[in-house]
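Peer 1: Okay, here's the prediction I keep looking at, along with the sequence it came from:
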Amino acid sequence: MNLSILLVVLFALSSLPSGTAQITADRLTNALSEPENWLLYRGDYSGQNHRPLKQITSENVDGLGVKWVFQNGAGNAAKFQVVPLVVDGVMYITAPYNTAYALDAKTGRILWKYQRKLPKQSLCCGPINRGFALLKDKLYMATLDAHLVALDRKTGNLIWDVELIDYKLGYSCTLAPLVVKDKVIVGVSGGEYGVRGFLDAYDAQTGERSWRFWTIPSPGQPGSETWSGDSWKTGGAPTWMTGTYDPDLDLLYWCTGNPAMAFSGENRLGDNLYSDSVLALNPDNGDLRWHFQFTPHDLHDWDANEVPVLLDLELEGKKRKLLVQANRNGFYYVLDRVNGEFLLARPFTRVSWASGVGPDGRPQVLPDTDPTEEGNYVCPGVGGGANWMAPAFNPSTGLLYVVIREECSIYYTSEQEFHVAHFSMGSTFQIPDEDTWGGVHALDPLTGKSKWELKFHSPSWGGILSTTGSLLFVGDMEGYFMALDAGTGKVLWRLQLGGPIITAPITYLVDGKQQVAVAAGSSLYTFSLD
Amino acid sequence: MSHITVAAMLWTLLLPTHLSVEEPNQQNPLAGDSKALEGGRALYRWYCSPCHGLTAEGGIRGPNLARTNLMNSTTEQEMFQVIKQGIMGTEMPPHPVPDDQIWQIITFLDDRRSKKETRSLDGDVKTGEMIYFGKAFCSNCHMINGRGGRLGPDLTRIGAMRSVNDLIESIRKPSANFRNRTIMNLNRPWDGYSPVTLLTTAGRRITGAIRNEDTFTIQVIDVGENHHSIEKSQLKKIIRPTNSLMPPYPQSFLSDKEVEDLLTYLIQESTEKLGN
């Protein structure tokens, strides 16, 4: 009798609908064909942050209102920097100190919560986390103590937990990983803590490491001659922001940060490859196909971890596969993403350290622009002309929207002893007593020329989203979340959210209705027209 | 003793030191050491100056450390903990560096604090109070212990927060170290007291101090202590003077003795009300 009850139960279970279809690698590749979901940190592999959703348009956006709010409540310094994922009415977010939640996208109510137990020792780089990656039934989060965890998407249960490297060496992770085919790609932070940077790939199913690419070559490897002495061992070049991927070329594009120590270069003579570069890697084995270095022998902390946006545009009558980046050093670059050929560079903010970029892609550095003992005023400042926040491309306007920072620095250098895992920049910087501001610049992606500019009160850290409703959504540091006309930059709608917006917004559908979501301060807001 | 008890005792010995019982109130072991002072100066510059400024008197994110009554540390032991462990819930991070480096930084900060106090005062408190509320009309703009005006900062604790030399300069030349921007007060722009004159498209003129400002709006308290909130789209011009709203007090108006009485009064008030 027991057996027949068991058989009935098993039969019943097997005839239940199988739930949502699997989120396969194919669906990630074609993420834009299901715009109702947000399946990757950057929306899709191209980094364009553009979404084909137009229930909300420039005509009706002034009717946008708050749908629900979620509060993290983790304290003053621990603000959100997450970009949520949304799958079939469930939103997945990460929060400071490696907490994570699944929320009902309709009501904002918590479905499950995950909390990682972090070591008591203080960790580099701030307690934030930028978001999940997902594949099939698993979510992936990189942690502050340099681990990668896989959680069950439906319950938040921990499936596996692997260590990338010993965090006590100064490493940490704050980025959202990237799933490519069957692997989870994850980078590290620690450029101010004397790490040697790397990029890792893990089997998405088992968590076994597939490959590691060290961003600083060891002696004998190509590029090692660009580091004097032993400086390569603690050279920095971290990989702390999520890259982009071209499925047709099967190339992974990932960027690297500053060489260490940031403002002193005497102990690391040479170009310091592959710091401040974009790398094109084979995602199956981590082989380097090509690289381009934006700032050789950087002395101003100009990490190149800005978004490598992939665009297919016609250049001089020919269709080209391009990679564009508004770099921290104040120049906007256009490269060929097949072979890394340098095509163009043009300043998009104040630049006082170089007169231009030569035909070989190397900056033409002006004299007396290095950090000095007495302090040297240089533009852009430490925060750069642009930074990690997401730009967006709108195919209808043909414009690339870049969030910029106008803030110069006074750079100082001096001797500094190095300690493992201790913060060191090789002296310091100060912000000069003058106006600073931020804003959005709409650039012609082929020339870097600005078509319109919207000024913000202060240099901002919020990314920008583009939609086919002819809209841009972006937030500023004083807490305004706004909708702009993508053609003109006119502010069509704004709302004061009470906390700085240090991330990019997303848009998706819930029960067929378009919603917009953005994190501000320690809260997450969703908006809709009704 | 059972095996479990022995094991528990051994386990306790293996615990990392930051989990051990609190240290007794420790003084700076490097106080007065000139090498520690030089080392602390360099360490301060590397670790602290991006937030707290090159001279430790406040920077873009961190408050003035060259003063006597810091909010989170009244003893050297507390200051050690604040630097080592950071302040939870704020942007002050921990600094996992060797202990002697932290004591060097404290040696430097103690020196900064003492350098700011090179004079002692011998004025008369009552006379100083009369000057505050009378001849110098400080109370027109500044409150002290709940009495006075609102256009300028509250001076209740100013005697403990600023050195005598700083206070003299603030009275004689209020615009000398003037920074008309809220970058020094990123987290508390309403403490900035930046002067402004707004000209609206409707022809109004509003002069006062900025309480807050953003991309779209500006909030001002005017010279009559009235609150205004204005959309920038309704403004023709925003004039930002490079002088403080506070007038200078030359010796011809307030003698050195009168300034000394005034400051003695201010310091007395701040000392008595330190619990504020």
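Peer 2: Yep, it's here.
Peer 1: Please count neighbours and contacts with C-alpha atoms only from this point.
Peer 2: OK.
Peer 1: Go ahead and flag the most central residue of chain B.
Peer 2: B:N64 (4.4 Å; CA atoms, centre = their mean).
Peer 1: low-confidence ranges in chain B?
Peer 2: Residues of chain B meeting the criterion pLDDT under 70: B:1-25, B:59-61, B:68-69, B:71, B:89-91, B:115-119, B:177-192, B:272-276.
Peer 1: circling back: surely the residue nearest to the centre of chain B and B:S49 touch.
Peer 2: No - between B:N64 and B:S49 there is no contact under CA atoms under 8 Å: 10.8 Å.
Peer 1: what is in contact with these two at once?
Peer 2: B:A56 (CA atoms under 8 Å, 6 or more residues apart in numbering or on different chains).
Peer 1: helix/strand/coil for B:G159?
Peer 2: Recorded secondary structure, B:G159: helix (DSSP: H, G, I helix; E, B strand; the rest coil).
Peer 1: wait, B:L263
Peer 2: Assigned with three-state DSSP, B:L263 falls in the helix class.
Peer 1: Excluding chain neighbours, give the residue nearest to it in space.
Peer 2: Nearest residue to B:L263 in three dimensions, chain neighbours excluded: B:G128, at 7.0 Å (CA to CA, 6 or more residues apart in numbering or on different chains).
Peer 1: For residue 248, which three-state class applies?
Peer 2: I'll assume chain A. coil.
Peer 1: Hmm, no, I was thinking of chain B.
Peer 2: Going by three-state DSSP: B:P248 is coil.
Peer 1: Distance of it relative to chain A?
Peer 2: 22 Å (CA to the nearest CA, to the nearest Å).
Peer 1: Under the pLDDT cut-off, which ranges of the stretch 51-200 of chain A? List them.
Peer 2: Using pLDDT under 70, the stretch 51-200 of chain A drops low at A:74-77, A:121-125.
Peer 1: Do a quick rundown of the strands in it.
Peer 2: A:65-71, A:85-87, A:90-95, A:99-104, A:110-115, A:133-135, A:138-142, A:147-152, A:158-163, A:178-180, A:183-187, A:198-203 (DSSP state E, counting those that start in this stretch).
Peer 1: same for the last one, what does it pack against?
Peer 2: This means strand A:198-203. In terms of contacts (3 or more CA pairs under 8 Å, 6 or more residues apart in numbering or on different chains; DSSP states H and E), strand A:198-203 is packed against strand A:183-187, strand A:209-214.
Peer 1: Return the angle between stretch directions for that strand and strand A:158-163.
Peer 2: Using axes from the mean of the first three to the mean of the last three CA atoms, to 10 degrees, the inter-axis angle of strand A:198-203 relative to strand A:158-163 is 150 degrees.
Peer 1: just the fifth one next, same as before
Peer 2: Relative orientation of strand A:110-115 versus strand A:158-163 (the same axes, to 10 degrees): 30 degrees.
Peer 1: Ends of stretch B:203-221, what's the gap?
Peer 2: Start-to-end span of stretch B:203-221 (CA to CA, to the nearest Å) is 18 Å.
Peer 1: Any buried residues in it, and which?
Peer 2: Under the neighbour-count criterion of 16 or more other CA atoms under 10 Å in any protein chain shown, stretch B:203-221 has B:206-215, B:218-221 buried.
Peer 1: returning to that earlier point: can you give me every residue that contacts the residue nearest to B:L263?
Peer 2: B:G128 sits in contact with B:258-266, where contact means CA under 8 Å, 6+ apart.
Peer 1: all helices for the chain, in order.
Peer 2: I'll assume chain A. In chain A, the helices defined using DSSP state H lie at A:2-15, A:25-29.
Peer 1: ah, I was thinking of chain B
Peer 2: B:3-14, B:34-47, B:49-52, B:76-85, B:99-116, B:125-133, B:158-161, B:164-172, B:256-272.
Peer 1: which helices and strands does the fifth one pack with?
Peer 2: If you count contacts as 3+ CA pairs under 8 Å, 6+ apart, helix B:99-116 packs onto helix B:34-47, helix B:76-85, helix B:164-172.
Peer 1: which one of these has the most crowded surroundings?
Peer 2: Among those, ranked by average contacts under mean count of other CA atoms under 10 Å in any protein chain shown, first place goes to helix B:34-47 (a mean of 20).
Peer 1: Determine the angle, from 0 to 180 degrees, between that one and helix B:99-116.
Peer 2: 100 degrees.
Peer 1: quick check, distance from helix B:34-47 to the centre of its chain.
Peer 2: Here helix B:34-47 is found 22 Å from its chain centre; the criterion is CA atoms, centre = their mean, to the nearest Å.
Peer 1: ditto for stretch A:192-206
Peer 2: With CA atoms, centre = their mean, you get 16 Å for stretch A:192-206.
Peer 1: what's the span of that stretch from first residue to last?
Peer 2: Note: stretch A:192-206 ends 32 Å apart using CA to CA.
Peer 1: Name the residues of that stretch that are buried.
Peer 2: Those would be A:192-205, for stretch A:192-206 by 16+ other CA under 10 Å.
Peer 1: quick revisit: among the helices of chain A, which gets the worst mean confidence?
Peer 2: Of all these, helix A:2-15 carries the lowest average pLDDT, namely a mean of 60.
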